[in-house]
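# Provided below are the primary sequence and the corresponding predicted coordinates.
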Amino acid sequence: MKHNKYGGLKEESNQEEEISTSSQEKVTDYSNENNNDISINDIFQISPKELSQIIELYKERGENFEEIKYFEKQGGIENLLKKLDTDKKNGISSIEQREEFFGSNKIFIKPLPSFCSFVEEAISDKMIIILIISSIVEILISLFNIFVKGEYNNMDWLDGVSIIIAVIVVVMVGSITNYKKEIKFHKLNNFENQSTKYDVIRNGVNQELHSDDLLVGDLIKIYNGDILPADILLIKGNSIKIDESSLTGESTPVKKNSYEKCLEEIKEGNKNPSSNILLCSTNVIEGNGLGIVLAIGEYSQKGIIRGTIDNAQEDNKTPLENKLNSIADKIGYFGLGSAIITFIALAIQLVFEYFQTSSMSFSEGFNKVLRILILCVSIIVVAIPEGLPLAVTLSLAFSIKKLMDRNNLVRKMHACETMDGSNYICTDKTGL
């Protein structure tokens with residue numbers, strides 16, 4: 001087994017038959033996968049999945065040049081262009097059916113969450129929930145002492161109110177900070193999607209289109225300095241070199257040529273011939289050319305990577321959040337345990353007192369039991385550190401402000417703590 005440059009695994013084989021047939025085996029025909037719409041399948045005789053598999057052949061080419069051999073077995077690229085219903089001079093003519101069949105190149109951006117969702121997220125923190133419950137209990141106990149027992153000078157309710165104020169400050173600071181950063185990230189994403197236009201030939205007419213408007217089969221012009229918006233099949237090129245470091249980490253430019261020239265290089269015995277496959281999000285650092293869009297959206301290399309990242313990015317807790325949750329659990333268990341022990345001890349004392357003095361009335365015994373319960377609840381409330389969440393939130397907000405002063409935009413407050421906890425950053429020779 002050996003690793004290819006894209007991080008995949010590939011088996012070595014010494015059998016010539018397996019090498020000659022590998023490209024055919026790896027590309028599965030999905031063209032008849034959706035036979036419900038006969039008209040569309042009659043027009044487009046190749047599916048997005050099969051096109052994506054052709055790109056995979058290039059990523060795993062090794063010493064077999066499998067993507068070139070695939071086109072060779074298909075009789076060149078003309079057969080593929082016919083299946084895509086496109087022309088290498090005039091481009092595509094149909095748009096609506098093409099977008100319905102092959103999908104869109106528009107990047108799905110989650111809508112901006114409402115401010116209330118950030119407030120809800122902040123309130124769902126375990127420590128905040130404990131503080132809210134403890135403050136309510138403390139206020140209720142104070143009100144009971146004032147209105148039931150007549151202790152009008154009782155000011156314990158102030159402690160509960162102060163905890164609520166601290167909770168409001170923590171929730172609002174965290175919610176406002178995260179909401180503002182989310183707005184800025186959405187503006188950046190929208191600007192990125194609408195800032196670049198590409199020269200495309202459709203129905204023989206030159207057009208300038210945003211990357212979102214590109215479709216499979218589009219005839220796109222490639223210029224020096226372009227960041228490719230889709231996976232592209234090069235049909236004409238002039239000394240094109242591509243920087244694929246964004247995908248492979250390799251800083252060495254990769255030569256690209258048309259299929260015919262690639263085939264000539266192989267026949268001449270070139271051990272590292274050019275390829276006619278250009279990957280999405282790679283950078284053109286030299287040359288110009290003309291290509292056919294093969295894969296867009298979720299089927300392009302950028303879309304596949306984005307989907308992998310989105311699936312991997314669950315709501316993972318940061319080390320600080322885990323520690324705070326652990327502290328909240330320990331404090332809760334400690335306070336509850338102390339309250340139970342205190343209640344048992346005082347209850348035993350009350351039982352001995354009842355048997356020693358048989359003159360204790362029901363109301364007197366009830367009041368003593370009530371005072372014991374209030375004392376136990378107070379022990380739990382006192383054990384809660386109401387200043388801890390406030391201190392953590394303010395320190396993270398201050399860290400975000402310092403990073404903003406250095407032109408670093410942070411999306412989530414707790415990312416500051418995660419970055420600060422990094423002891424080593426491992427990169428390859430390409431660097432950051």
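Okay, I see it. Numbering: from 1, shown residues only.
# residues in contact with the closest residue to L279 other than its chain neighbours?
Spatial nearest neighbour of L279, chain neighbours left out: Q301 (4.8 Å); criterion: Cβ to Cβ, 6 or more residues apart in numbering. All C-beta atoms are positioned from the backbone trio N, CA, C, and that covers glycine. The contact partners of Q301, by Cβ atoms under 8 Å, 6 or more residues apart in numbering, come to 55, 231, 247, 279-281, 295.
# how about a cut-off of 10 Å?
The contact partners of Q301, by Cβ atoms under 10 Å, 6 or more residues apart in numbering, come to 6, 52, 55-56, 58-59, 228, 230-231, 244, 246-247, 279-282, 295.
# what about it, distance to L247?
According to Cβ to Cβ, to the nearest Å, Q301 stands 6 Å off from L247.
# Pull up the overlap in contacts between these two.
Common neighbours of Q301 and L247 (Cβ under 10 Å, 6+ apart) are 6, 59, 279-282.
# any idea which of those has the most stuff around it?
C280 (27 neighbours; other Cβ atoms under 10 Å).
# mind checking the SS state of that one?
coil (DSSP: H, G, I helix; E, B strand; the rest coil).
# Where do the strands of the stretch 151-300 of the chain begin and end?
Using DSSP state E, counting those that start in this stretch, the strands found in the stretch 151-300 of the chain span residues 197-202, 205-210, 219-222, 231-243, 254-256, 277-278, 283-295.
# by contact count, what packs against the fourth one?
So the one you mean is strand 231-243. Secondary-structure packing of strand 231-243 (3 or more Cβ pairs under 10 Å, 6 or more residues apart in numbering; DSSP states H and E): helix 48-59, helix 78-83, strand 219-222, strand 254-256, helix 259-267, strand 277-278, strand 283-295, helix 301-312.
# try 6 Å
strand 254-256, strand 283-295 (3 or more Cβ pairs under 6 Å, 6 or more residues apart in numbering; DSSP states H and E).
# and of those, who's closest to K106?
Comparison of those against K106 by Cβ to Cβ identifies strand 283-295 as nearest, at 14.0 Å.
# And stretch 203-218, end to end?
10 Å (Cα to Cα, to the nearest Å).
# same question, stretch 207-222
For stretch 207-222, the end-to-end distance is 13 Å (Cα to Cα).
# can you list contacts of it?
84, 86, 91-92, 98-99, 102, 105-106, 193, 197-201, 229-230, 284, 289-291, 293, 296 (Cβ atoms under 6 Å, 6 or more residues apart in numbering).
# next one: stretch 362-378
Under Cβ under 6 Å, 6+ apart, the answer for stretch 362-378 is 137, 141, 339, 342-343, 346, 350.
# Same check on stretch 64-84?
Contacts for stretch 64-84 (Cβ under 6 Å, 6+ apart): 19, 23, 45-46, 57-58, 61, 217, 259, 262, 277.
# Of those, which is the nearest to E120?
Of the contacts of stretch 64-84, the one sitting nearest to E120 (Cβ to Cβ) turns out to be G217, at 45.1 Å.
# Give me the phi and psi angles of F71.
Dihedral pair for F71: phi -70, psi -30, per degrees, to the nearest 10.
# Show me where the stretch 51-200 of the chain has its helices.
66-73, 78-83, 96-102, 115-123, 126-147, 157-195 (DSSP state H, counting those that start in this stretch).
# Let me know which of these is the nearest to M360.
Among the helices of the stretch 51-200 of the chain, helix 126-147 sits nearest to M360 (Cβ to Cβ), with 21.9 Å.
# Buried residues in the closest one, which are they?
Neighbour-count burial for helix 126-147, counted by 16 or more other Cβ atoms under 10 Å, picks out 127-128, 130-131, 134-135, 137-139, 141-142, 145-146.
# and that helix with helix 115-123, angle?
80 degrees (axes from the mean of the first three to the mean of the last three Cα atoms, to 10 degrees).
# relative to helix 157-195, how tilted is helix 126-147?
Using the same axes, to 10 degrees: helix 126-147 against helix 157-195 is 150 degrees.
# helices or strands up against helix 126-147?
Using 3+ Cβ pairs under 6 Å, 6+ apart: helix 126-147 touches helix 157-195, helix 319-356, helix 362-382.
# Could I get the CA-only coordinates of it as CSV?
Presented in CSV, the C-alpha positions along helix 126-147 are these (Å, rounded to 0.1, in the frame of the first residue of the first chain):
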residue,chain,number,x,y,z
LYS,A,126,-24.9,24.1,32.2
MET,A,127,-23.3,26.7,34.6
ILE,A,128,-25.8,29.3,33.5
ILE,A,129,-28.7,27.0,34.1
ILE,A,130,-27.5,26.2,37.6
LEU,A,131,-27.1,29.9,38.3
ILE,A,132,-30.6,30.7,37.1
ILE,A,133,-32.1,28.0,39.3
SER,A,134,-30.1,29.0,42.3
SER,A,135,-31.1,32.6,42.0
ILE,A,136,-34.8,31.8,41.7
VAL,A,137,-34.6,29.5,44.7
GLU,A,138,-32.8,32.2,46.8
ILE,A,139,-35.4,34.9,45.8
LEU,A,140,-38.3,32.5,46.6
ILE,A,141,-36.8,31.7,50.0
SER,A,142,-36.3,35.4,50.8
LEU,A,143,-39.9,36.2,49.8
PHE,A,144,-41.2,33.4,51.9
ASN,A,145,-39.3,34.7,55.0
ILE,A,146,-40.6,38.2,54.3
PHE,A,147,-44.3,37.6,53.6
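# Show me how far that helix is from its chain's centre.
Relative to the centre of its chain, helix 126-147 is centred 39 Å away, using Cα atoms, centre = their mean, to the nearest Å.
# what's in contact with that helix?
Contact with helix 126-147 is made by 151-152, 154, 156-157, 159-160, 163-164, 167, 324-325, 328, 374, 377, 381, 384, 386, 389, as judged by Cβ under 6 Å, 6+ apart.
# quick one: pLDDT of E417?
In this model, E417 is scored at 67, pLDDT.
# do you know how far E250 is from I242?
11 Å.
# These two: which has the busier surroundings?
I242 (23 against 15).
# That one touches N257, doesn't it?
No - using Cβ atoms under 6 Å, I242 makes no contact with N257, being 11.2 Å away.
# Mutual contacts of the two, please.
By Cβ under 6 Å, 6+ apart, no residue touches both I242 and N257.
# For PyMOL, what selects the buried ones among the contacts of stretch 64-84?
Buried subset of the contacts of stretch 64-84, written as a PyMOL selection, criterion 16+ other Cβ under 10 Å:
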select buried, resi 23+45+46+57+58+61+217+259+262+277
